[in-house]
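**Q** Sequence first, predicted coordinates after that:
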Amino acid sequence: MQNLEQFGRFLAPALFILMSLAEGPKHKYAMIEDIKCLYAVYLGPGTLYSALARLEKQGWIKALSPEDRRRPYRFTESGSRLLQD
């Protein structure tokens, strides 16, 4: 998997986030709930925020304009290819 080794201990959270976003854009709380329901894994806010920052820095996800007080995220084209690989 391209450059995912650099995520170290954030590799699993990054993969859970990517899989959650495969269904479409989501805000942080929706991702936490989705991952908890689908994979029986609870990502705390700190872990989630760190993984999101790393994914965004790599250009694999993008923050969208805020909706109310929540900021959704979505895949970029390279993020979608990464998950398919």
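**A** Right, received. Where do you want to start?
**Q** Can you mark which positions in the helix or strand where residue 56 lies are buried?
**A** If you go by DSSP states H and E, residue 56 is part of helix 45-58. Within helix 45-58, the residues that count as buried by 16 or more other CB atoms under 10 Å are 47, 48, 50, 51, 52, 54, 55, 58. Using the backbone N, CA and C atoms, a C-beta is placed for each residue, glycine as well.
**Q** Now flag whichever of these is closest to residue 38.
**A** For the buried residues of helix 45-58, the minimum distance to residue 38 (CB to CB) is 14.8 Å, reached by residue 48.
**Q** returning to what we had before: would you list the buried residues of helix 45-58 in CSV and tack on distance to residue 22 and pLDDT?
**A** Formatted as CSV, the buried residues of helix 45-58 follow (distance: CB to CB, whole Å; pLDDT from 0 to 100):
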residue, distance to residue 22, pLDDT
47, 19, 90
48, 16, 92
50, 20, 90
51, 15, 90
52, 15, 93
54, 18, 89
55, 13, 92
58, 17, 90
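**Q** Out of those, flag the one nearest to residue 72.
**A** When these are ranked by distance to residue 72 (CB to CB), residue 52 comes first, at 11.3 Å.
**Q** and that closest one, what is it in contact with?
**A** Counting by CB atoms under 8 Å, 6 or more residues apart in numbering, residue 52 makes contact with 17, 28, 61, 73.
**Q** circling back to that earlier point, following the helix holding residue 56, which helix or strand shows up next?
**A** strand 61-63.
**Q** on contacts alone, who are the packing partners of that next one?
**A** Packing partners of strand 61-63 (3 or more CB pairs under 8 Å, 6 or more residues apart in numbering; DSSP states H and E): helix 11-21, helix 45-58, strand 73-75.
**Q** now the angle from the helix holding residue 56 to helix 11-21?
**A** Orientation of helix 45-58 against helix 11-21 (axes from the mean of the first three to the mean of the last three CA atoms, to 10 degrees) gives an angle of 80 degrees.
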